[in-house]
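Q: A structural model of the following input is requested.
(2 chains)
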Amino acid sequence: MDFALILTILIKIITLTFVVVLPLVPVSVYFERRFSAIIQDRVGPNRVGIPLTLFGGKKDFSFFGLVQPVADGIKLFLKEDFTPAHVRKAFYWMAPALTVAPALITLCVIPFGSDIQLPGMDPVKLVIADINVGPLFIFAVASLSVYGITLAGWSSNSKFPFIGGVRSTAQMISYEIALGLSIIPVLLYFGELNLSKIVQYQAEHGWLLLPLWGHGEGALSLTSKLLFWIPAFISFLIFTISIFAETNRMPFDLPECETELVGGYHTEYSSMKFAMFFMGEYAAMVVGSALIVTLFFGGWSVGFGADAAIAGFAIGGFKIGGLVHLGVFLAKVIAFILFFILVRWTVPRFRYDQLMKLGWVIFFEAALINVFLAALVIASGSGKFTPLILGIGGVLLVITTAAIIYVAKVSEPKVKALA
Amino acid sequence: MPSPIFWFFALVMLFGATAVVLLPNPVACAMSMVASFVGLAGLFIGLNAYFAGIIQILVYTGAIMVLFVFIIMLLDLNTEKKRMPKMTPMFAGLGIVIAFTIQLIGVISATPGKQLPALDLPASAKNFDASTQIAKNLSSNTLPDVHLIGQSLFTEYNLPLQILGALLLVATVGVVVLSKKQIH
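A: Reported below is the predicted structural model:
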């Protein structure tokens, strides 16, 4: 471990986490408010800007209200940090940190762009830790954020927050199963768990959900790629909806459902501690979008075979194509954040039994069947199996699917008509 | 000489494990156990066993301990706090710890203090089919631990894996049947 290596890692951690991603959190809060205002035919916060009148100017510069997040942040900092007398202190203080930290730690395996190179130095990868178990690492660390919410609910020593915490535990454990199973087809397709290599593969051979370029040459043919689009899309659906559930976003925000639980697990929190829960939720949303983009939409790649040229783009000795890719990646992530916001303001909240049924009865089984389907498609594309084996596999798949649907229908509780 | 990171995670693990036994509050015990598991996962990752380390967090910390905490929180903690530890089980536990420590010292002192030769990954690549991911990863000098575990599981240990799967399924069905039983 030489000094330069540690310095590079530190610079990467500081820039990627605190300069690139953390500002996305207040920005997405701003987007949320403006976008919801558009949906509900309101104006939204469009006034807070640079107060030029304070310095003797004629008019304030409103800047579309983009300074609003800063004002919100200052407000949260300056509010009284009140700790109720009945709470369990140590856990009460620990909980907000435990929700924010996992979301930020997961950032370290996400590839933000291709390499950049300074003259006379080795190329620097725009990923903090290029480890071989990327998606698993994200699931593992993200699953720790449940402790924050659960402990917040329990340590508040009050009924409604406790119910919120318990709900969140059950919800997150249930949806982790669907989340993990839904990406197995994706991992089968890439044969790789390293997120940088997954993105590199997508840049060369087509995005998972847009496989239109780079056929042949060690990759699957166009037909099997297009056939794989079906399992890929099913796993995209399950994965995205499970991410909604894992981040406690609408329509899965039962842990903080105002109409039933006052404020949910953070009822007893105020000031910056409350803001940290808020930040944790939005940071989880950013990481979730980044993961969806990385796995299904080619990560930093521009697509259509243009990536090799962009990656080689250099001014003088500086190879700065990676920065272009970073911009593309952020644009995709922001598009997904807007999608999250759109869903929040259009879909009503689930009932708790519906949520559990969706997770355990529908997604779990659908993800399992999808693994089978994806394996069949890949096997048929590899040309190593005879049509007879593939046919038997197809028949088995149909039988299993029919059986599962039948069992799910039969075990449904019958609703008695009111007399 | 182990790196400072090894000492850090080892200390986290040991402190966590000690706190599980010593703390009076069951939730604090469960959280210390979580810390201990995270430390253990760090040690695994330090040994280049990324998969084992991550699965340690994913399965034990992220799922099993969450359920533990969940159950403990629903119990009445005050009765648990007041209970005094009994002497007999404490001494029995200490006896087991001492026995294991003696055994560990014996094993370590019998091991020669030689450093093992470094792994030559590119050389071992020729044991695998050149078109596979494992061979590609090995020849580029990275250890494909996930692929290697998968390969041994689904070729060498396929039958035990299938039997385990059937066993888990039977256990799940059994639990459902038992819990749905109506008491007349």
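Q: can we go C-alpha only for contacts and neighbour counts from here?
A: Fine.
Q: residues contacting the residue nearest the centre of chain A?
A: Residue closest to the mean C-alpha point of chain A, counted by CA atoms, centre = their mean, is residue A:288 at 0.5 Å. Residues counted as contacts of residue A:288 (CA atoms under 8 Å, 6 or more residues apart in numbering or on different chains) are A:243, A:247.
Q: ok, 10 Å please
A: A:103, A:106-107, A:138, A:142, A:239-240, A:242-244, A:246-247, A:282, A:294, A:333, A:336-337, A:340 (CA atoms under 10 Å, 6 or more residues apart in numbering or on different chains).
Q: likewise residue A:29?
A: A:35, A:68, A:69, A:72, A:278, A:279, A:282, A:341.
Q: thinking again about what came up before, ok, the residue nearest to the centre of chain A to residue A:180 distance?
A: 13 Å (CA to CA, to the nearest Å).
Q: Between the two, which contacts overlap?
A: With CA under 10 Å, 6+ apart, residue A:288 and residue A:180 have common neighbours A:239, A:242.
Q: So if we follow the domain assignment, how does the chain break up?
A: By default, I'm working from chain A. A:16-78, A:84-351 (automatic domain parsing).
Q: meant chain B actually
A: B:1-78, B:118-184.
Q: right, so those domains: which one is the most enclosed?
A: domain B:1-78 (a mean of 18; mean count of other CA atoms under 10 Å in any protein chain shown).
Q: quick one: is it near chain A?
A: Yes - with CA under 10 Å from any CA of the partner chain as the criterion, chain A is reached by domain B:1-78 at B:27-28, B:31, B:34, B:50-51, B:53-67, B:69-71, B:73-74.
Q: thinking again about what came up before, need the least confident one among the domains of chain B, by mean pLDDT.
A: The minimum mean pLDDT among the domains of chain B belongs to domain B:118-184 (a mean of 82).
Q: Can I take it that residue A:374 is in a helix?
A: Yes - under DSSP: H, G, I helix; E, B strand; the rest coil, residue A:374 sits within a helix.
Q: Does it touch residue A:226 like I think?
A: No - counting by CA atoms under 10 Å, residue A:374 stays clear of residue A:226, with 11.9 Å between them.
Q: How much space separates whichever residue of chain A sits closest to chain B from residue A:193?
A: Relative to chain B, the nearest point of chain A is residue A:140 (4.3 Å; CA to the nearest CA). Note on residue A:140: its distance to residue A:193, by CA to CA, is 14 Å.
Q: who in the stretch 51-200 of chain A is up against chain B?
A: So the stretch 51-200 of chain A meets chain B at A:90-91, A:131-134, A:136-147, A:150-151, A:154-155, A:162, A:165-166, A:169-170, A:172-174, A:176-177, A:191-193 (CA under 10 Å from any CA).
Q: and with 6 Å instead?
A: A:137, A:140, A:143, A:144 (CA under 6 Å from any CA of the partner chain).
Q: what two of those residues are the furthest from one another?
A: A:137 and A:144 (11.1 Å; CA to CA).
Q: Tell me who's in contact with residue B:29.
A: Taking CA atoms under 6 Å, 6 or more residues apart in numbering or on different chains, we find residue B:29 in contact with B:20, B:23.
Q: Could you do residue A:297 as well?
A: residue A:207.
Q: confidence score at it?
A: pLDDT, read off for residue A:297, is 86.
Q: For whichever residue of chain B sits closest to chain A, list the residues it contacts.
A: Ranked by CA to the nearest CA, the top residue of chain B for proximity to chain A is residue B:58, at 4.3 Å. Residue B:58 makes contact with residue A:140, according to CA under 6 Å, 6+ apart.
Q: Specify the local secondary structure of it.
A: Per three-state DSSP, residue B:58 ends up helix.
Q: so where's the stretch 301-419 of chain A shaky on pLDDT?
A: Applying pLDDT under 70 to the stretch 301-419 of chain A flags the ranges A:305, A:307, A:314, A:316-317, A:416-419.
Q: hey, where'd the strands end up in it?
A: Along the stretch 301-419 of chain A, the segments classed as strands by DSSP state E, counting those that start in this stretch run A:314-315, A:318-319.
Q: of the ones you listed, which approaches residue A:256 most closely?
A: strand A:318-319 (46.8 Å).
Q: ok, and what's touching that closest one?
A: Counting by CA under 6 Å, 6+ apart, A:116, A:117, A:118, A:119, A:313 sit against strand A:318-319.
Q: Number of residues surrounding residue A:7?
A: Neighbours of residue A:7 under the rule other CA atoms under 10 Å in any protein chain shown: 11.
Q: What residues of the helix or strand encompassing it count as buried?
A: Using DSSP states H and E, residue A:7 sits within helix A:3-13. Judged by neighbour count (16 or more other CA atoms under 10 Å in any protein chain shown), helix A:3-13 contains these buried residues: A:12, A:13.
Q: So which residues make contact with it?
A: Contacts for helix A:3-13 (CA under 6 Å, 6+ apart): none.
Q: can you give me the mean pLDDT across the helix or strand following that helix?
A: Going down the chain from helix A:3-13, the next helix or strand is helix A:24-39, by DSSP H and E. The pLDDT scores in helix A:24-39 average 86.
Q: Just say which of the domains of chain A is most tucked in.
A: Most buried among the domains of chain A, counting by mean count of other CA under 10 Å: domain A:84-351, with a mean of 20.
Q: Now the residue most central in space within chain B. Nearest residue, chain neighbours left out?
A: Chain B has residue B:56 as the residue nearest its centroid, 5.1 Å off, counting by CA atoms, centre = their mean. Distances taken as CA to CA, 6 or more residues apart in numbering or on different chains place residue B:41 nearest to residue B:56, at 5.9 Å, with adjacent residues excluded.
Q: so which helix or strand takes in the one you found?
A: Judged by DSSP H and E, residue B:41 forms part of helix B:26-46.
Q: Quick check: what element follows that helix along the chain?
A: helix B:50-55.
Q: what's that next one packed up against?
A: helix B:26-46 (3 or more CA pairs under 6 Å, 6 or more residues apart in numbering or on different chains; DSSP states H and E).
Q: Alpha carbons of the helix it packs on, as CSV, please.
A: The C-alpha coordinates for helix B:26-46 follow below in CSV (Å, rounded to 0.1, in the frame of the first residue of the first chain):
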residue,chain,number,x,y,z
PRO,B,26,-31.1,-8.0,25.4
VAL,B,27,-31.5,-5.5,22.6
ALA,B,28,-28.0,-4.2,23.3
CYS,B,29,-26.8,-7.8,23.3
ALA,B,30,-28.4,-8.4,19.9
MET,B,31,-26.8,-5.3,18.5
SER,B,32,-23.4,-6.3,19.8
MET,B,33,-23.8,-9.6,18.0
VAL,B,34,-24.5,-7.6,14.8
ALA,B,35,-21.2,-5.7,15.4
SER,B,36,-19.4,-9.0,16.0
PHE,B,37,-20.8,-10.5,12.7
VAL,B,38,-19.7,-7.4,10.8
GLY,B,39,-16.2,-7.8,12.3
LEU,B,40,-16.2,-11.4,11.2
ALA,B,41,-17.2,-10.5,7.7
GLY,B,42,-14.4,-7.9,7.6
LEU,B,43,-11.9,-10.7,8.5
PHE,B,44,-13.3,-12.9,5.8
ILE,B,45,-12.9,-10.1,3.3
GLY,B,46,-9.3,-9.6,4.5
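Q: in chain B, which spans are helices?
A: Using DSSP state H, the helices of chain B run over B:4-22, B:26-46, B:50-55, B:65-74, B:77-82, B:87-110, B:121-124, B:133-139, B:145-151, B:158-180.
Q: how many neighbours does residue A:414 have?
A: Residues near residue A:414, counting by other CA under 10 Å: 7.
Q: how about it, phi and psi?
A: phi -80, psi 130 (degrees, to the nearest 10).
Q: Could you measure from the residue nearest to the residue of chain A closest to chain B when sequence neighbours are not counted over to residue A:177?
A: Excluding the flanking residues, the one nearest residue A:140 by CA to CA, 6+ apart is residue B:58, at 4.3 Å. For residue B:58, the distance to residue A:177 equals 11 Å [CA to CA].
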